[in-house]
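**Q** Give me a 3D structure for the following:
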Amino acid sequence: MGFYRERVLPHLLDHACRTPELASWRREVTDGLAGRILEIGFGSGLNLEHYPAGVEAVLAVEPAATARRLAARREARAGVPVEHVGLNGEKLELEDASVDGALSTFTLCTIPDVERALAELRRVIRPGGTFHFLEHGLAPAAGVVAWQRRLEPLQKRLAGGCHLTRDIPELVRGAGFEIERLEQRYAEGPRPWGWFTAGAARNP
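**A** So this is what the prediction gives:
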């Protein structure tokens, strides 16, 4: 990782992703999680305060050392134990069917090989377990999509590889998950970044 992506970007993301609106989305998407939960793109630990009481442990995957350091203070006061189990969502260092569920928030947009990462999630989530996700992505309006395509090259450079045009529900379905809950709407702010998808999908 370069200096900007490793040392600067985690601070920017920690600040930008702490809004009250995003906290409300996080509470919504974590609802229903229970047991041992894998969180890919753990970042600075902004989801920790929103995990429900049924979550027994969080297994965190996060490549940026600065983000992991920022997360340490949140882990110390969290009501759930956190274990860091790897750096790469495309190659999880976990046994098959070893977690009860998984969580991804604003992560599927950035992982280079997102299909491989989703396949890894299916491998490690037990049958019947759930994958909860909160992501931004491809908007339904043609005019917004046109701007997303124009802005995506710059977005990828400034935001650590983040894509604006990934179709999150189709990616999740394409990986073999069965979507059971899905909400999509525009969040506050500029629409090219604001088409949010919150959902839960079962591993059959």
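**Q** going forward, measure contacts between C-alpha atoms and count neighbours the same way
**A** OK.
**Q** Just give the strands next to the lengthiest strand in the chain in its sheet, each with its orientation.
**A** If you go by DSSP state E, the chain has its longest strand at strand 125-136. When pairs are called by DSSP bridges, strand 125-136 turns out to pair with strand 99-105 (parallel), strand 195-202 (antiparallel).
**Q** Where does pLDDT dip in the chain?
**A** 1 (pLDDT under 70).
**Q** That one: helices as residue ranges?
**A** Assigned by DSSP state H, the helices in the chain fall at 3, 9-16, 20-30, 65-77, 114-124, 142-158, 168-174, 191-194.
**Q** Between those, which one is closest to residue 103.
**A** helix 20-30 (7.6 Å; Cα to Cα).
**Q** Give me the residues contacting the closest one.
**A** Under the criterion Cα atoms under 8 Å, 6 or more residues apart in numbering, residues 47, 50-52, 103, 105, 132-134, 188, 198-200 lie in contact with helix 20-30.
**Q** okay if I get the strands paired with strand 125-136 as JSON lines plus mean neighbour count and distance to residue 91?
**A** Output for the strands paired with strand 125-136, formatted as JSON lines (neighbours: other Cα atoms under 10 Å; distance: least, Cα to Cα, whole Å):
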{"stretch": "strand 99-105", "mean neighbour count": "24", "distance to residue 91": "15"}
{"stretch": "strand 195-202", "mean neighbour count": "23", "distance to residue 91": "21"}
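**Q** Same list, these, but as a markdown table with distance to residue 155 please.
**A** Listed next are the strands paired with strand 125-136 as a markdown table, based on distance: least, Cα to Cα, whole Å:
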| stretch | distance to residue 155 |
| --- | --- |
| strand 99-105 | 18 |
| strand 195-202 | 15 |
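**Q** Determine how far the last residue of stretch 32-47 lies from the first.
**A** 14 Å (Cα to Cα, to the nearest Å).
**Q** Distance to residue 93 and mean neighbour count added to the helices of the chain, as CSV?
**A** Listed next are these as CSV, based on distance: least, Cα to Cα, whole Å; neighbours: other Cα atoms under 10 Å:
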stretch, distance to residue 93, mean neighbour count
helix 3, 26, 8
helix 9-16, 23, 15
helix 20-30, 23, 17
helix 65-77, 18, 16
helix 114-124, 9, 20
helix 142-158, 27, 15
helix 168-174, 21, 16
helix 191-194, 32, 21
